[in-house]
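In: after the sequence you'll find the predicted model.
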2 protein chains.
Amino acid sequence: MVDGTLHLNAFLMGVGHHEAAWRHPRTDPTAADDVAHFQNLARIAERGTFDSVFLADGVQIFGDVRHSLAGRFEPLTLLTALATVTEHIGLIATASTGFSEPNNLARLFASLDHISRGRAGWNIVTTAGDRAAQNFNRDVNTEHAERYRRADEFLDVTTALWDSWEDDALLVDKESGVYADDARVHEINHRGRFFAVRGPLNSVRSPQGRPLLVQAGSSEDGKAFAARWAEAVFTAQQTHEEAIAFYADLKRRVVHSGRSAEQVKVLPGVVPVLGGTEAQARRLAGELDELIVPTRALRQLTEMIGVDLSDHPLDQPLPELPPVAAINGAKSRFELVRDLAVRERLTLRQLLGRLGGGRGHQVLAGTPEQIADHIEHWFTTGAADGFNVMSPLLPSGLEEFVDHVVPLLRKRNLFRTEYTGATLREHYGLPRPASRYAGQSVISSPTARSAMA
Amino acid sequence: MVDGTLHLNAFLMGVGHHEAAWRHPRTDPTAADDVAHFQNLARIAERGTFDSVFLADGVQIFGDVRHSLAGRFEPLTLLTALATVTEHIGLIATASTGFSEPNNLARLFASLDHISRGRAGWNIVTTAGDRAAQNFNRDVNTEHAERYRRADEFLDVTTALWDSWEDDALLVDKESGVYADDARVHEINHRGRFFAVRGPLNSVRSPQGRPLLVQAGSSEDGKAFAARWAEAVFTAQQTHEEAIAFYADLKRRVVHSGRSAEQVKVLPGVVPVLGGTEAQARRLAGELDELIVPTRALRQLTEMIGVDLSDHPLDQPLPELPPVAAINGAKSRFELVRDLAVRERLTLRQLLGRLGGGRGHQVLAGTPEQIADHIEHWFTTGAADGFNVMSPLLPSGLEEFVDHVVPLLRKRNLFRTEYTGATLREHYGLPRPASRYAGQSVISSPTARSAMA
């Protein structure tokens, strides 16, 4: 709670985050087809003065196609469609550094930032799993540490491209015919292990300078990457104690990287299953868990932790799992699942139920007061700068949160009552980065001009 | 004029196609910053019942940064923003096969097709020039024929990905928990020279099945590629005679490729410089040409034809140019420029003036009647199925075309008075392609199921 206001992100996913949401009577699964459904969700979140909405993404088919709501939309295009019907709320798209070129991705994010007038954010993922690699000319995926090395260099390149047009490069003088000061437009001439990129970007600097950089991997490599680059971190934390330790560790790493602790906001995920009474909330949670298809849940677990448990008996405790060093998938999610199963002595079936609500994120069934209490407690005790709100059913769960939880947070002076900033960076209380090239070129330099030759 | 109606595409570019448009008093160059400007253009074109709007694109900085309107927007995101404020008009984005992965591009176009409810088109380019390659880890670009070989395989992969979910794959049965028939969701298992892609796409089949495929290269390789893949072809033709020859040749190639001649629409570019009288139109054309900055025009010509003429005296005829076989850029544009200069015995300065209006496309200064006469003449004599309308000033030129030329075309029964179709394919009178996998899987096959494992 460094800057005095809680931050809330609305994580949008199909018709809800519970894996069986589409089967529940309160959802219309055909809505997932319809851009208007997502536009409606963004408007609801904006009514609740959320900092941002967020879309996850993958580059491959996940889980069990037979029992899973299928995808239609790619995040950058879908968020563009949301940008045109909202005015304030930030728009965070997931995109992978593993299977695209920095010049292409830099342009897409710059374009979203231009279109939305400064509301673009990028959730940077490296993408685990051979299945993903097999859509991109490889049989197996790169190993974990190497994926992060590529991500690091990817960020070196994209941030340089976003800086390549200085903010004051445009002159737009009809009389003389001079549109831009070419001394303020820079080649980046990057030559690294993974990429060689000349630049400049073929897009002028966008309203935020660079999109907000978001990160969600909580492994050692992931935290080191976050310490260098991230401005907001989404994380899955099951207990208050673990959340406090994660928060403190991450902020320490950020300071160690030469940035201030305030330059990163930590947002654990929470799945609020809301009811007028606690009993009603628990009933809804139970209804949802009953709709889980075990074969689907097992396949999702297998993909999530990178260990195949499909032959293990459902009503037995988990077998001994391999050491984390042997995991080439999402290491931190593996550890979270392992610790949860051990701590609560769960059978495989019980574990699937615990994960069905939020894939490892904390599921809280309760009244609006109880959810607000939880948020306040974590926010005021150094466990969170805000929350990644993952409603189990959409739109109903988000509507209830905005109508019943947000007013309590406002009454307690924890959360804004209206937007005070114009850009996503301003909502999160983060500065607009200067171009690394600013001030290097007081007069037109021959080097810069030859850059255009 | 095969299906009885003329087709019109509005090619949108900054504040106009004339290279000095931004300097003219009738434009506001700051509009190029603003998504609302482009949304306004799309609405104007939709009021004129155009088949589509279209955005060109590159992956690098073009020409002379100092004297050129700079870019902001990437086409797929910008067209998404136009989709949300229009209902009927098609949306065609340029994207290169040279520097991206088929799985990424297939998803972006599927997403635009879903968001727009069946209005997406892809103008396929291979991208010439070392400058482009230098943004993607290479010093020099691949040679012309090899670029087209990659493009061919790129289309093999993307069309297979768009087909990978059959149209009737979704069951969405809440009761049983079965969302999709996994026997109707297919791995593509492509292994070729350039790409290895497993699939399926992580997006259900889009409203049009596949986006409309558009192509604009008129070289030998380009025409062979168009004959196999294109459903609409944008082309630059300076004379009626050449246009007829191009049209007949392309249709012949299409038939030779096993498709019917109607399956490709040929749309030459035209830059209509409109005036209430011919004298007014000529005056406007003259005003624009006077605003050309010769150094900028020279650099653009050099990039366009791949031959450096920057040291050649402006008031001399062109030097002898290399044979087309030695050109690794846009071969057909090179030939067009060479033939124009030779046919009309132009000095370099005169050539720059002729190219400033439309980069090699035909510039016509005249009254609405004269423009309509030209369109009718070409359309009814086998030179064109329609036109790629490149207004010299935007929005004014497009507004004048819609208000004064379109009514004449309608009165002559050449052009629709309202939209009769819902999708871009329907506007162009083109069929919706069936999935190549349709009917292959009457019962759930073990192969298809293992695809999901």
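Out: In hand now; what should we look at?

In: quick one: residues contacting the closest residue to chain B within the stretch 151-300 of chain A.
Out: When you check the stretch 151-300 of chain A against chain B by CB to the nearest CB, the closest residue turns out to be A:R198, at 3.9 Å. In short, each C-beta sits where N, CA and C put it, glycine included. Contact analysis of A:R198 by CB atoms under 8 Å, 6 or more residues apart in numbering or on different chains lists A:E187, A:I188, A:N189, A:H190, B:R131, B:Q134, B:N135.

In: which of those residues are buried, as a PyMOL select command?
Out: One line in PyMOL is enough to select the buried members of the contacts of A:R198, burial here meaning 16 or more other CB atoms under 10 Å in any protein chain shown:
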select buried, (chain A and resi 187+188+190) or (chain B and resi 131+134+135)
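
In: so which of the contacts of A:R198 is the closest to A:I124?
Out: Top of the list for closeness to A:I124, among the contacts of A:R198 and by CB to CB, is A:H190 at 17.6 Å.

In: and that closest one, its phi and psi?
Out: Backbone geometry at A:H190, expressed as degrees, to the nearest 10, gives phi -80, psi 130.

In: do you know how far A:I327 is from chain B?
Out: 20 Å (CB to the nearest CB, to the nearest Å).

In: which of the contacts of A:R198 fall in helices?
Out: Of these, the ones assigned to helices by DSSP state H are B:R131.

In: reformat the contacts of A:R198 as CSV; add distance to B:L301 and pLDDT.
Out: CSV is the format used below for these (distance: CB to CB, whole Å; pLDDT from 0 to 100):
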residue, distance to B:L301, pLDDT
A:E187, 23, 97
A:I188, 27, 98
A:N189, 26, 98
A:H190, 30, 98
B:R131, 15, 93
B:Q134, 21, 97
B:N135, 22, 97
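
In: as CSV, the contacts of A:R198 with distance to A:L348 would be great.
Out: As requested, the contacts of A:R198 are exported to CSV (distance: CB to CB, whole Å):
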residue, distance to A:L348
A:E187, 56
A:I188, 50
A:N189, 54
A:H190, 47
B:R131, 56
B:Q134, 53
B:N135, 49
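
In: dump the residue contacts of A:P25.
Out: Taking CB under 8 Å, 6+ apart, one finds B:K174 in contact with A:P25.

In: pLDDT score for A:A226?
Out: In this model, A:A226 is scored at 97, pLDDT.

In: okay, and the beta partners of the nearest residue to it once chain neighbours are set aside?
Out: Spatial nearest neighbour of A:A226, excluding adjacent residues (CB to CB, 6 or more residues apart in numbering or on different chains): A:Q215 at 4.5 Å. As for beta bridges, A:Q215 partners with A:I124, A:V233 under DSSP bridges.

In: can you give me the end-to-end span of stretch A:173-182?
Out: The distance separating the two terminal residues of stretch A:173-182, taken as CA to CA, to the nearest Å, comes to 13 Å.

In: which residues touch that stretch?
Out: Applying CB under 8 Å, 6+ apart, the set of residues contacting stretch A:173-182 is A:165, A:168-172, A:204, A:444, A:448-449, A:451-452, B:20, B:22-23, B:25, B:29, B:65-70, B:291, B:293, B:296.

In: mind listing which of these are in strands?
Out: Cross-referencing the contacts of stretch A:173-182 against strands under DSSP state E gives A:L170, A:L171, A:V172.

In: just these that are near chain B?
Out: The subset of the ones in strands among the contacts of stretch A:173-182 within reach of chain B, counting by CB under 8 Å from any CB of the partner chain, consists of A:L170, A:V172.

In: which of the ones in strands among the contacts of stretch A:173-182 ranks first by neighbour count?
Out: Neighbours were tallied for each of the ones in strands among the contacts of stretch A:173-182 (criterion: other CB atoms under 10 Å in any protein chain shown), and the maximum of 21 neighbours falls on A:L170.

In: all helices for the stretch 251-400 of chain A, in order.
Out: Taking DSSP state H, counting those that start in this stretch as the criterion, the stretch 251-400 of chain A contains helices spanning A:278-290, A:294-305, A:331-343, A:348-356, A:368-380, A:396-400.

In: can you redo those helices as TSV with mean neighbour count?
Out: Supplementary listing: the helices of the stretch 251-400 of chain A in TSV, determined by neighbours: other CB atoms under 10 Å in any protein chain shown:
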stretch	mean neighbour count
helix A:278-290	17
helix A:294-305	20
helix A:331-343	18
helix A:348-356	21
helix A:368-380	19
helix A:396-400	22
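
In: out of those, nearest to B:L155?
Out: For the helices of the stretch 251-400 of chain A, the distance to B:L155 is smallest for helix A:294-305, at 30.5 Å, taking CB to CB.

In: residues making contact with that closest one?
Out: For helix A:294-305, using CB under 8 Å, 6+ apart, the contacting residues are A:19, A:62-64, A:66-68, A:129, A:131, A:308-310, A:314, A:321, A:327, A:329-330, A:333-334, A:337-338, A:348-349, A:351-352, A:355-356, A:359-360, B:177.

In: include pLDDT when you put the ones in strands among the contacts of stretch A:173-182 into JSON lines, please.
Out: Putting these into JSON lines (pLDDT from 0 to 100) gives the following:
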{"residue": "A:L170", "pLDDT": "97"}
{"residue": "A:L171", "pLDDT": "97"}
{"residue": "A:V172", "pLDDT": "97"}
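
In: the nearest residue to A:P29 once chain neighbours are set aside: neighbouring residues, count only.
Out: Of all residues not flanking A:P29 in the chain, A:W22 sits nearest, at 4.0 Å (CB to CB, 6+ apart). Counted with other CB under 10 Å, the burial measure for A:W22 works out to 25 neighbours.

In: looking at it, A:W22 is touching A:H67, isn't it?
Out: No. The pair A:W22 and A:H67 fails to qualify as a contact (CB atoms under 8 Å) at a distance of 9.5 Å.

In: so the residue nearest the centre of chain A versus A:A45, what's the distance?
Out: By CA atoms, centre = their mean, chain A has its centre lying nearest to A:N123, at 4.3 Å. Between A:N123 and A:A45 the distance, using CB to CB, to the nearest Å, works out to 16 Å.
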